[in-house]
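Asks: how would this look folded up:
(2 chains)
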2 protein chains.
Amino acid sequence: MAKKILIVGGVAGGASAAARLRRLDETAEIILFEKGPHISYSNCALPYSLSGIVTDPDSLILMTAERFWSQHRIEVRTASEVTEILRAEKKVRVHEAGGRVYEESYDALILSPGAEPIVPPIPGADAPQVFTLKDPEDAAAIRAALDGKEAPKAAVIGGGFIGVEAAVNLAARAEVTLIEAADQILTPFDRDMAQILQKELLDHGVRLVLKDGIAAVQDGAVRLASGRRIPADLVVMAIGVRPRTSLARAAGLAIGESGAIAVDADGRTSDPAIYAVGDAAEVALPLKRAAGRLSLAFPAQKEARRAADAICGRTSANRGYLGSFGIEVFGLRSAATGLNERDIAAQHIPHETAYVIPFDRVSLMPGASPLHLKVHFEVPTGRLLGAQAVGQGAPDRRIDVIAALIAKGGTLEDMADVDLCYAPPFATAKDAVHLAGLVGLNLLHGEFRQVPASVVRRLVETGAYIADVREPGEYAAGHIRGAVNLPLSELRDRLGELPADRPIYVHCRSGQRSYYACRILAAHGFREVYNIAGSYLALCLFEYAEDQLTGRAPIVTAYNFN
Amino acid sequence: MAKKILIVGGVAGGASAAARLRRLDETAEIILFEKGPHISYSNCALPYSLSGIVTDPDSLILMTAERFWSQHRIEVRTASEVTEILRAEKKVRVHEAGGRVYEESYDALILSPGAEPIVPPIPGADAPQVFTLKDPEDAAAIRAALDGKEAPKAAVIGGGFIGVEAAVNLAARAEVTLIEAADQILTPFDRDMAQILQKELLDHGVRLVLKDGIAAVQDGAVRLASGRRIPADLVVMAIGVRPRTSLARAAGLAIGESGAIAVDADGRTSDPAIYAVGDAAEVALPLKRAAGRLSLAFPAQKEARRAADAICGRTSANRGYLGSFGIEVFGLRSAATGLNERDIAAQHIPHETAYVIPFDRVSLMPGASPLHLKVHFEVPTGRLLGAQAVGQGAPDRRIDVIAALIAKGGTLEDMADVDLCYAPPFATAKDAVHLAGLVGLNLLHGEFRQVPASVVRRLVETGAYIADVREPGEYAAGHIRGAVNLPLSELRDRLGELPADRPIYVHCRSGQRSYYACRILAAHGFREVYNIAGSYLALCLFEYAEDQLTGRAPIVTAYNFN
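Replies: Numbers count the residues shown, from 1 in each chain, chains lettered A, B, ... in the order given. All right, here's what the predicted structure looks like:
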């Protein structure tokens, strides 16, 4: 007899699961219930409809109920909310928008309810100028609120993926303030990488408020916890999302520690006839040695496929996810994979970090620009833990390579050895991935020591000895206050000028010449020599946004960002 | 006592080896001999100085002798040719351009003589309008030959990397004919991928001559083996390169089967005091189970570092190379890694090929374009053997991910599972890599069968049954002659129209809907159903260039390239 499979929710995996089910079983009866009007839309592309980068908002709708039926014989019931799971009877109760209530039986049930935006319970949260950005209707409402306004003011609450993408896209049509309670935007990134992106926001006119929460929306403004008032014709709430688990909870299905629905390796909940996929379900995070939530599209699609496979008797190893992600912030792309500094600290993993800033392609080629690549690895194994990258070029490419290596248990040696494709218009023979691998190996084997650029301010304040090994012209164009200019090309002749009894902190533009200098100094008997990771380029980028936000005095005579 | 290390040749690895030696040994005496005037230049970027993409030809020179001394204490002797190795005495004989001849002793010797362009011994090969493209002087001579000419005509002989890059860059300033003796350009690519690039050359006005060799240069023209005459104000010889091994041969060092200098895992020649690196030395090619030549920059740099390490007593595993490469052809990037179809055939490896053409980023985003990705895998293991990609987007990124997986012994499952970074402006949640992995798994497990687009012409000629499952509007805009339009959305209702007793060949635009159709037909009892890999998009691209070159009648009513 033909199987009958019900699916609750289309967007976050439901439609993928349905289509996969049909491919595996031509005879199954498949019914998809969706509370809203659409069975599938590109929620990742929603922010881009605010700026008009996505020119036709209707194109956000990826699939219609009619086409799903004609192509896949999948019955879609929109405006139909599943309100209860009657597990003992293997039935669900459905409320139609029109008022009709009925029950539908199932052999297997897939829950894909997704997640909903968190709106804090503050005064004015329900005001008409307050929006979320979860579906095409939200996006349309925001666009409508902007239409016809002269230089509208927008406040975006929350510096996560959706908040930043909303801010970037709203900036095309409004004066935008981005408000984040933490001390950085995009907390999946380490703070230094986030600072580069914060500078990009500032450079494009987005006002940034960090370390401040929202207290109320009133009198055409957002009032912050600090008392500060941000005028706003419209407010986009992007604090975060909460998995929709009420249906599962009411049915007594197990909920994981993360607050999402707990599932086994096949996507099965604590009831063997019920599966859960998408943002409402947990996924395995092997690097974190835990299950958890990942509101990302790839895991949603993949787990939807897995659930469909399992229902049809097919299983495969569930390797879990690294949590790779990417985001474009105006002219910068950024991406990351694996563990960040906070994750590593939480697990107390002994580790070190390689940070390199090579050009993303042959420096002679048009468009060549610095690529920031940071790689965390375990000590002493050299096992890769995570990586982050930012640049105008293709940081995503480097992160993807490292993600592939991490997935295969890769080490720094794998990074140094990986045979990547190269042509001058889009790469260098010794790629950022190779360079970071080699720097990591040097750190692992104690061939030089380093300090992060974030400590330089304290070094300056405490009068540490900082040697700037760039050429005099570079030094003159901007340098760290108090740093001594000792060009690499003169270093061996001027060793006598260096202090023998104090730590020496060395930097150049991006860290390569200062690495050479560190080796020279070590070879000549200087014991405590530290390379400043990322050198002047990283330092300027990290200091800049903080200097702008706080109004503090810069520690450099002039910034250099290239 | 300080070691004395001599290096012969700067460009193809010599300068890298020297710099690495200095980092490992501050006291060693390091002398680099270079016959020419430069110790290091960007030979990969040379073609780009012909078009002016590299605006300042002087920038091609990466390092000067003065800077090498001041920064690294490496003595460079340019215009100094090493003419003999006196192995018994551990000395080399040096001829200076000025006439002086002297001997220099060594503890270790690194040979990095590179390779030289092959110029066929034909009449006119030494004519003043005949050039090679091996160094900045060659590039300057070609630019000088173009200067002041009204619509000059250029013939490029050889469709390898240098030939194609020369043709692309010369096209900015001349009417270019590219002449290749084989039946495709860029033979490291499979023929179908090369055909896409051939179309790109034709689209940009480069004339293409295949399957014809050069017989003579005379009377302002190139005369071909076929008798055809190609008018040419200048001729660039880019047939290939030959490793410079005369010094090594004369010294009795072992030469490998490939014709390059044989080395062990540490880069050591048959004389334990002599190392060889760069284009003149063999490298390990594990996928080919052999040593061989790779005229590529990454292996040259990597092996140079390895030789320097070995001289300083450091060794590491030599995993060899996949031979990953990339090349940009006007608006298309292309890249490949591992084995191609010919390599696989030569080794008789049982294999299959997944071919997908998804969009390179979310299709709603500006600049979204089809990405051609082809992956060869072993049957029945699913082990990845090689991959090739072409597109306007970032094929290099997908190839690099697959290269990383191949390096770690990866399989199709690894491709399907790899957790890549995603954001709508530069990727899709289900990436080309995932899709190709899934298609490969389906092929591996016999879930559908396919034929390559290259057989479609024969299918048409023999009256095979071809079902086009695109929508009627797509069919009307261009279709295979004789194909029957059976839209996927109508397929289940029109099963009776399909022949039960003949093979059915199914296609759509790129292969996805036709895959669905294959599953539907199989589920309804049709036994011999084949998906046409790459479908209409691949077919049109492959047919087009051949149709143009041969003047034969197209098998499609209209081409569709998007």
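Asks: spell out which residues of the stretch 51-200 of chain A are next to chain B.
Replies: Within the stretch 51-200 of chain A, the residues that sit near chain B (C-beta under 8 Å from any C-beta of the partner chain) are A:Ile53, A:Val54, A:Asp56, A:Ser59, A:Leu60, A:Arg67, A:Ser70, A:Gln71, A:His72, A:Arg73. C-beta here means a position set from N, CA and C on the backbone, and glycine is covered the same way.
Asks: let's go with 6 Å and repeat that
Replies: Proximity of the stretch 51-200 of chain A to chain B, by C-beta under 6 Å from any C-beta of the partner chain, involves residues A:Val54, A:Ser59, A:Ser70, A:Gln71.
Asks: again, but for the stretch 351-500 of chain A
Replies: Taking C-beta under 6 Å from any C-beta as the contact definition, the stretch 351-500 of chain A meets chain B at A:362, A:364, A:396-397, A:399-401, A:403-405, A:407-408, A:417-426, A:429-430, A:488-489.
Asks: same thing but 7 Å
Replies: Counting by C-beta under 7 Å from any C-beta of the partner chain, the positions of the stretch 351-500 of chain A adjacent to chain B are A:362, A:364-366, A:394, A:396-397, A:399-401, A:403-405, A:407-408, A:410, A:414, A:417-427, A:429-430, A:488-489, A:492.
Asks: A:Leu247: which element?
Replies: In this structure, A:Leu247 is located in helix A:246-250 according to DSSP states H and E.
Asks: could you do A:Ser489 as well?
Replies: Applying DSSP H and E as the criterion places A:Ser489 in helix A:488-491.
Asks: that helix - contacts with which helices or strands?
Replies: With contacts defined as 3 or more C-beta pairs under 7 Å, 6 or more residues apart in numbering or on different chains; DSSP states H and E, helix A:488-491 has these neighbours: helix A:512-523, helix B:65-72.
Asks: need the ones you listed in CSV (columns: mean neighbour count).
Replies: Formatted as CSV, the entries for those read as follows, by neighbours: other C-beta atoms under 10 Å in any protein chain shown:
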stretch, mean neighbour count
helix A:512-523, 22
helix B:65-72, 18
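Asks: what residues does the helix or strand that contains A:Thr177 touch?
Replies: According to DSSP H and E, A:Thr177 maps onto strand A:175-179. Strand A:175-179 has contacts (C-beta atoms under 7 Å, 6 or more residues apart in numbering or on different chains) with A:151, A:153-157, A:159, A:163, A:167, A:170, A:185, A:201, A:206-209, A:212, A:214, A:222, A:224, A:230.
Asks: any idea how far that strand is from the chain center?
Replies: The chain centre lies 19 Å from the centre of strand A:175-179; the measure is C-alpha atoms, centre = their mean, to the nearest Å.
Asks: tell me the buried residues in stretch A:441-449?
Replies: A:Leu441, A:Asn442, A:Leu443, A:Leu444, A:Phe448 (16 or more other C-beta atoms under 10 Å in any protein chain shown).
Asks: just for chain A, where's the confidence low?
Replies: Counting by pLDDT under 70, the ranges of chain A that qualify are A:12.
Asks: tell me the centre residue of it?
Replies: Within chain A, the residue whose C-alpha comes closest to the C-alpha centroid is A:Phe325; the distance, by C-alpha atoms, centre = their mean, is 4.6 Å.
Asks: close enough to count as contact, it and B:Cys421?
Replies: Yes. Counting by C-beta atoms under 7 Å, A:Phe325 does reach B:Cys421; the two are 5.5 Å apart.
Asks: spell out which residues are contacts of both of the two.
Replies: A:Ala335, A:Ala336.
Asks: re the thing from before, out of the residues of the stretch 351-500 of chain A next to chain B, which are buried?
Replies: Taking 16+ other C-beta under 10 Å as the criterion, what is buried in those is A:362, A:364-365, A:394, A:396-397, A:399-401, A:403-405, A:407-408, A:410, A:414, A:417-427, A:429-430, A:488-489, A:492.
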